[in-house]
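Novice: Need a 3D model of the following:
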Amino acid sequence: MRDLARTFFVCFIVCTVPQALQGQSDLRTASDPSSSSTPEGASMQLQQKLDTISDALVATQQQLEQSRRQIQQLQEELAQVRKRLVASTPSQPKGEEDSQVVKASDLQERVEALEAQVKIQDQTKVETSSKYAVRFGGLVLFNGFVNRGAVDNIDLPSVAVHSTTGTTGSVGAGMRQTILDIQGFGPRLAGARTSAYVSMDFYGGIPYENYGTVAGVIRMRTADIRFDWTRDSLDGGMEAPLISPLSPTSYATVAEPSLSWAGNLWTWAPQVRYAHQFVGAREQHVGFEFGLWDPPAAGYNTTDVLRTPSPGERANQPGYEGRVSYGSAEEQRLQIGLSGYYSRQSYSMPTASNPFYSEGNDSWAFTTDWRIPFAHRFEVSGEGYRGRSLGSLGGGVYKDVLYGTDPVSGAAVIRGLNDIGGWTQLKSKFSSQLEANASIGLDNGFASDFHKVVLSPTASATQLRARNRMVVANLVYRPKTYLIFSPEYRRIWTWPITGQRSTANIFTLSAGYQF
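Specialist: This next block holds a predicted model:
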């Protein structure tokens, strides 16, 4: 590579110096006629040109030398891994032999990964206007499903409903949950490492075209701009609330996290967050986080064209959230957290005497989260919450408040829905390639709140929905690092405040390629 670079620059000098001298001579002749007749001036220009080219050649050689050292280092790592492969002996008892086969497979994957890194050093990097590194990633995901029972959304069900058409099931497939990620790394600012990322999928609606129902419109899922110091971080973006940092494992529900609306608070919304870690012995740490959150409206926007303010935004103040956590070393993965949230809401309740009257409401929550490993192969994780008006956070089975009339005065009233719920998951890792997950979640609105309001006879199914429970079991198999196969079973129970419950069984087979 060094010889090639030198040859290139020699050719460059031979071809360009005469032209450059001719161009400079013409220019100087036009601007200063006396310069063309001065041999010393032409010699000085030639010397300056050669110095510039020499400096560029030295800088290029330094870059090539750095790349050569990186390639040499990766090749040495490859050689060490290959030695370990050769040193593995097949003359082992049956159990140990199987273990050696698994280890050899893992080592082979490492070899392939290192070889890929070596090839990357010879590739042309993605060029950006900022000249800083950019990383692309994502997940191409295919989901095939069989639904037994009526649901709200056939390719990503969250509640079971009563069938209005007599249909009791559906079969289909799609790739709307495919994800595209872009991550950028910037310069240091005030001692902080800067970075940013954006994550997109194709779950932003159905395109208005023939045969477009299984495709999808691209949407932004999450995005973030970060400033990271040694123990502090500051970021702003569109993220899940910091009071709910965990989610169950599932490749059947990627567009919305698993157990959404059934115990998992998850809603993505704009927020600003500050975090600090107090690091103790053995890499144990205590963390403190505080954030300002833009509370979105529960359900759907009131218009398909314009963005209208949510009840939280209409209150002219953000939502406030905080979290205190304890964690062990990264390899142990122990995590326990306590969090709190508060947001003021304002609802328009016009009356005959005051058409601009609004009713205030307090939204709040106390939550806890945990992740506890057992014996290197098992892990229990989950979250629990108790609060009020949690529809904007992904609770309250799609609603913050109940609309109705006062049973005594008959006046129109709203009542914040008290809510309790959570989820827990058991993860079993059989090997580096295979794991099993079983989880259960529940979101439960207080029946007493429903009974204190006379609901309208025309109240929607969402307003009448009082409780939602879900059970999920899946296997995740990775024959290779970037290939994923995952069958999943899900059962949903949904109860209205009056009437019969609805149930649905969902069978999903997911196949993904992570890049």
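
Novice: Which secondary structure state does Met238 sit in?
Specialist: Judged by DSSP: H, G, I helix; E, B strand; the rest coil, the three-state class of Met238 is strand.

Novice: What of the one 4 residues further on?
Specialist: Under three-state DSSP, Leu242 falls in the coil class.

Novice: my guess is it contacts Phe288, does it?
Specialist: No - the criterion here is Cβ atoms under 8 Å, and Leu242 misses it with Phe288 at 10.8 Å. Where you see a C-beta, it was placed from the backbone N, CA and C, and this is true even at glycine.

Novice: Touching both of those two, which residues are there?
Specialist: Shared contacts of Leu242 and Phe288 (Cβ atoms under 8 Å, 6 or more residues apart in numbering): 322-323.

Novice: what's the offset of the helix or strand that contains Ile492 from the middle of its chain?
Specialist: For Ile492, the host element (DSSP states H and E) is strand 483-496. Centroid separation between strand 483-496 and its chain, computed with Cα atoms, centre = their mean, to the nearest Å, is 20 Å.

Novice: Stretch 341-349 too?
Specialist: Worked out by Cα atoms, centre = their mean, stretch 341-349 lies 28 Å from the chain centre.

Novice: So between Leu242 and Phe288, which is more surrounded?
Specialist: Leu242 (21 against 13; other Cβ atoms under 10 Å).

Novice: where along the chain do the helices fall?
Specialist: 2-31, 39-87, 94-121, 311-314, 447-451, 461-464 (DSSP state H).

Novice: Show residues contacting the fifth one.
Specialist: Contact partners of helix 447-451, identified using Cβ under 8 Å, 6+ apart, comprise 402, 415-418, 466, 497.

Novice: These in strands, which ones?
Specialist: Per DSSP state E, strands hold the following members of the contacts of helix 447-451: 402, 415-416, 418, 466.

Novice: Now the two most distant members of the contacts of helix 447-451.
Specialist: Farthest pair in the contacts of helix 447-451 (Cβ to Cβ) is Gly416 and Ile497. Separation: 15.7 Å.

Novice: Between those two, which is the more surrounded one?
Specialist: Comparing Gly416 with Ile497 by other Cβ under 10 Å, the one with more neighbours is Gly416, at 22 against 17.

Novice: Would you map out the domains in this protein?
Specialist: With domains defined by automatic domain parsing, the chain comprises 2-121, 229-501.

Novice: want to try a markdown table for those, with distance to Thr164 and mean pLDDT as columns?
Specialist: Shown next, in a markdown table, are the domains of the chain (distance: least, Cβ to Cβ, whole Å; pLDDT from 0 to 100):
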| stretch | distance to Thr164 | mean pLDDT |
| --- | --- | --- |
| domain 2-121 | 51 | 58 |
| domain 229-501 | 10 | 92 |
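
Novice: which one of those lies closest to Ser163?
Specialist: domain 229-501 (12.0 Å).

Novice: how far does that closest one stretch from start to finish?
Specialist: Across domain 229-501, the terminal residues are separated by 51 Å (Cα to Cα, to the nearest Å).

Novice: got it, and stretch 235-253?
Specialist: 26 Å.

Novice: So in this structure, which strand runs the longest?
Specialist: strand 358-374.

Novice: From the ones in strands among the contacts of helix 447-451, pick the one nearest Gly441.
Specialist: Proximity of the ones in strands among the contacts of helix 447-451 to Gly441 (Cβ to Cβ) peaks at Ala466, which lies at 15.6 Å.

Novice: hang on, isn't the closest one packed against Gly445?
Specialist: Yes - contact status for Ala466 versus Gly445: in contact at 4.9 Å, counting by Cβ under 8 Å.

Novice: Tell me which of these two has more neighbours.
Specialist: Remark: of Ala466 and Gly445, Gly445 carries more neighbours, 25 against 21, as counted by other Cβ under 10 Å.

Novice: That one and Leu417 touch, don't they?
Specialist: Yes - using Cβ under 8 Å, Gly445 is in contact with Leu417, at 5.0 Å.

Novice: Chain neighbours aside, what residue packs nearest to Leu265?
Specialist: Ser244 (4.0 Å; Cβ to Cβ, 6 or more residues apart in numbering).

Novice: ugh, typo on my part, it should be Ala223
Specialist: Among residues not flanking Ala223 along the chain, Val198 sits closest, at 4.2 Å (Cβ to Cβ, 6+ apart).

Novice: Repeat that for Trp293.
Specialist: Trp293 sits nearest to Gly319 (Cβ to Cβ, 6+ apart), 4.0 Å away.

Novice: quick one: the one you found and Tyr347, what's the gap?
Specialist: The gap separating Gly319 from Tyr347 is 16 Å, by Cβ to Cβ, to the nearest Å.

Novice: higher neighbour count, the two?
Specialist: Between Gly319 and Tyr347, Gly319 has the larger neighbour count (other Cβ under 10 Å), namely 25 against 17.

Novice: ok, that one - contacts?
Specialist: Here Gly319 is in contact with 292-295, 312, 341-343, 363 (Cβ under 8 Å, 6+ apart).

Novice: mind redoing it with 7 Å?
Specialist: Residues in contact with Gly319 (Cβ atoms under 7 Å, 6 or more residues apart in numbering) are 293, 295, 312, 341-343.

Novice: before we move on, what about Glu383?
Specialist: 244, 246, 264, 367-369, 422-423.

Novice: ok, now with 8 Å
Specialist: Counted by Cβ under 8 Å, 6+ apart, Glu383 has contacts 244, 246, 263-265, 367-370, 422-423.

Novice: who's it bridged to?
Specialist: Assessed by DSSP bridges, Glu383 has beta-bridge partners Asp369, Trp423.

Novice: Distance check, it against Trp370.
Specialist: Separation of Glu383 from Trp370 (Cβ to Cβ): 8 Å.

Novice: re the thing from before, out of the contacts of Gly319, which comes closest to Thr167?
Specialist: The nearest member of the contacts of Gly319 to Thr167, counting by Cβ to Cβ, is Pro295 at 36.0 Å.

Novice: Quick check: phi and psi on the closest one?
Specialist: With angles defined as degrees, to the nearest 10, Pro295 sits at phi -70, psi 120.

Novice: who touches the closest residue in space to it that isn't next to it in sequence in this structure?
Specialist: Of all residues not flanking Pro295 in the chain, Gly312 sits nearest, at 2.9 Å (Cβ to Cβ, 6+ apart). Contacts for Gly312 were tallied using Cβ under 8 Å, 6+ apart; they are 294-297, 318-319, 343-345, 363, 392.
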